[in-house]
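J.: kindly return the folded structure for what I paste below:
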Amino acid sequence: MSRWLEAILPEPINLLGQRLNPFSLGHCILLNRLDNPFYVGGETNLQDVLQGVFICSQTFDEAWTALADKNLDERIIKWQAQLGRIDIQEATSVFSAYLRNGSFSPDLSDESESKRQPGTPFLLRLKLILQSKLGYTEKEALEKPFGAVLHEVLGLAELRGDVKVMNADELEMHEEHKKLRAEFAASDLVVEHPEN
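T.: Next comes the predicted model:
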């Protein structure tokens, strides 16, 4: 659960005077398209770090537009000049950690038993159900009142036959049983067992 939360709400990272956005699929595509060795592998240099930070400090759309800018080289040179002396080892280390942490994926089990507990965090499963089965956008799913989420997801599960949500009669009977158990527990009734 904590690794999933770190993936969707990562610690903010500032590098080379830029605030890096959470590492995204769009960043992967752009770094791959540009053969950036931080993503595709190989020896890295200062220009690779600058390119990576430039891309990852923007959204996909912003970075894609900026990469087509005819003044891009001038912007990069001006940015680099403003930075002054750069500790390339430190920048490489921070950017590598940013990519590694932003690319974390859960370990998979080869266990196929249908009764095993899911490894995907409960909150993520709820979000996925809202989006894939109930047609919510990500924004709608994240802003839905939690109680309403539980009612809708469990209602869907009941329609599929996966669970049984208690109806009004069952709830009333359940409350009566709870009341009787409480009364019995509070009574001084002692049951004597016959001697053997």
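
J.: now stretch 16-23: buried residues?
T.: Residues of stretch 16-23 classed as buried by neighbour count (16 or more other CB atoms under 10 Å): Leu16, Gln18, Leu20, Asn21, Pro22, Phe23. Every residue, glycine included, has its C-beta placed from N, CA and C.

J.: rounded mean pLDDT for that stretch, please.
T.: What stretch 16-23 shows for mean pLDDT is 94.

J.: between which two of the buried residues of stretch 16-23 is the distance greatest?
T.: Taking CB to CB as the measure, those span a maximum distance of 17.4 Å, between Leu16 and Pro22.

J.: using CSV, list the CA coordinates for the longest helix belonging to the chain.
T.: Of all the elements of type helix in the chain, the one with the most residues (DSSP state H) is helix 168-186. Output in CSV follows, covering the C-alpha atoms of helix 168-186 (Å, rounded to 0.1, in the frame of the first residue of the first chain):
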residue,chain,number,x,y,z
ALA,A,168,-33.8,-4.5,5.5
ASP,A,169,-35.2,-7.8,6.9
GLU,A,170,-31.7,-9.2,7.4
LEU,A,171,-30.5,-6.0,9.1
GLU,A,172,-33.5,-6.0,11.5
MET,A,173,-32.8,-9.7,12.4
HIS,A,174,-29.1,-8.9,12.8
GLU,A,175,-29.9,-6.1,15.2
GLU,A,176,-32.3,-8.3,17.2
HIS,A,177,-29.6,-11.0,17.5
LYS,A,178,-27.0,-8.4,18.7
LYS,A,179,-29.5,-7.1,21.3
LEU,A,180,-30.2,-10.7,22.6
ARG,A,181,-26.5,-11.5,22.8
ALA,A,182,-25.9,-8.3,24.8
GLU,A,183,-28.7,-9.0,27.2
PHE,A,184,-27.5,-12.6,27.7
ALA,A,185,-23.9,-11.4,28.3
ALA,A,186,-25.1,-8.9,30.9
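
J.: helices or strands next to that helix in the packing?
T.: Under the contact criterion of 3 or more CB pairs under 8 Å, 6 or more residues apart in numbering; DSSP states H and E, helix 168-186 touches no helix or strand at all.

J.: let me see the domain layout of this protein.
T.: In terms of domains, the chain is parsed into 2-102, 122-186 (source: automatic domain parsing).

J.: tell me how far the shortest one is from the chain's mean position?
T.: When you say that, I think you mean domain 122-186. Relative to its parent chain, domain 122-186 has a centroid offset of 23 Å by CA atoms, centre = their mean, to the nearest Å.
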